[in-house]
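*Asks:* Predicted structure and sequence below. I'll ask about it afterward.
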Amino acid sequence: MNATETWNRSSRTYDWLTFGDDVRQGDDKRRLFAKACGRTILVAVGTGADIKFLPPGLDIVAIDISPGMVEKAGPRAAAYEGRMELRVMDAQRLECPDASFDTAITACTFCSVPDPVRGLRELHRVLKPEGRLLMYEHVRSNVPAVGLFLDFMTYLSRPLLGPDMNRDTVSNVRRAGFHVVSERNVYFDIVKAVEAVKRYETRMPSTAPQF
């Protein structure tokens, strides 16, 4: 079963499985996403559960690799107090022009993108110079025992096309060409709120066609 089929299947129970996370993490997500402005790309919209944490008035392109997830997100996208377009799209191959967004938002996304640096470089490409990347992500702990436990959990989850629990996402953000402005621990050091920007001097050559 490929990733698209897995997430299509997960769309049926996703809201039920993540309800507790919404309750615990909502305020932190809302605080981070409040920094979004202008034209925004929301990566891995899922069933749209995070839409309620977004500030109103944005012009958003919300993407997901799963048609099932996008279909589930439809009513929430329609209720958003701004403009939101839903599109089926792979984060590793964004069908968007260079420098076309002011903000990119992710929430528990880059634990599941097969090639996270490639996906982050795509976000770097489609952001305007000084564009902002806002990430709410779980990562590998720097506490040795916890980090080893997350390594073990990843050994179990990866064959099922589940999330990698042990990624060094902040380092991946830097590898993709971003400047990390802030990194805040939300839950110990395994859930982080990260803000980064695309600097003028770190613009990377385009590898995608222009539209």
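*Replies:* Right, received. Where do you want to start?

*Asks:* My read is that residue 96 contacts residue 43, right?
*Replies:* No: Residue 96 is beyond contact range of residue 43, at 11.1 Å (criterion: C-beta atoms under 8 Å). Just so you know, the C-beta spots here come from the backbone N, C-alpha and C atoms, and that holds for glycine as well.

*Asks:* out of these two, which sits in the busier spot?
*Replies:* Neighbour totals were compared for residue 96 and residue 43, and residue 43 leads with 25 against 20 (other C-beta atoms under 10 Å).

*Asks:* Show me the beta-bridge partners of the more buried one.
*Replies:* Going by DSSP bridges, residue 43 is paired in beta bridges with residue 63, residue 106.

*Asks:* ok, it to residue 189 distance?
*Replies:* Residue 43 sits at a distance of 23 Å from residue 189 (criterion: C-beta to C-beta, to the nearest Å).

*Asks:* remind me, longest strand of this structure?
*Replies:* strand 127-138 (DSSP state E).

*Asks:* CA-only coordinates of it in PDB, if you can.
*Replies:* What follows is strand 127-138, C-alpha atoms only, in PDB (Å, rounded to 0.1, in the frame of the first residue of the first chain):
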ATOM      1  CA  LEU A 127       8.200  31.200  -0.800                       C
ATOM      2  CA  LYS A 128       9.100  34.800  -1.600                       C
ATOM      3  CA  PRO A 129      12.400  36.200  -0.300                       C
ATOM      4  CA  GLU A 130      11.800  36.900   3.400                       C
ATOM      5  CA  GLY A 131       8.800  34.500   3.300                       C
ATOM      6  CA  ARG A 132       8.000  32.800   6.600                       C
ATOM      7  CA  LEU A 133       7.900  29.100   7.400                       C
ATOM      8  CA  LEU A 134       5.800  28.200  10.500                       C
ATOM      9  CA  MET A 135       6.200  24.600  11.700                       C
ATOM     10  CA  TYR A 136       4.500  22.700  14.500                       C
ATOM     11  CA  GLU A 137       6.300  19.400  14.500                       C
ATOM     12  CA  HIS A 138       7.400  16.500  16.600                       C
END
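
*Asks:* What lies in contact with that strand?
*Replies:* If you take C-beta atoms under 8 Å, 6 or more residues apart in numbering as the criterion, strand 127-138 is touched by 25, 28-29, 32-33, 35-37, 99-111, 123, 163, 165, 169, 173, 178, 186, 190-200, 203.

*Asks:* any idea how far the spatially most central residue of the chain lies from residue 155?
*Replies:* Residue closest to the mean C-alpha point of the chain, counted by C-alpha atoms, centre = their mean, is residue 106 at 2.2 Å. Separation of residue 106 from residue 155 (C-beta to C-beta) stands at 24 Å.
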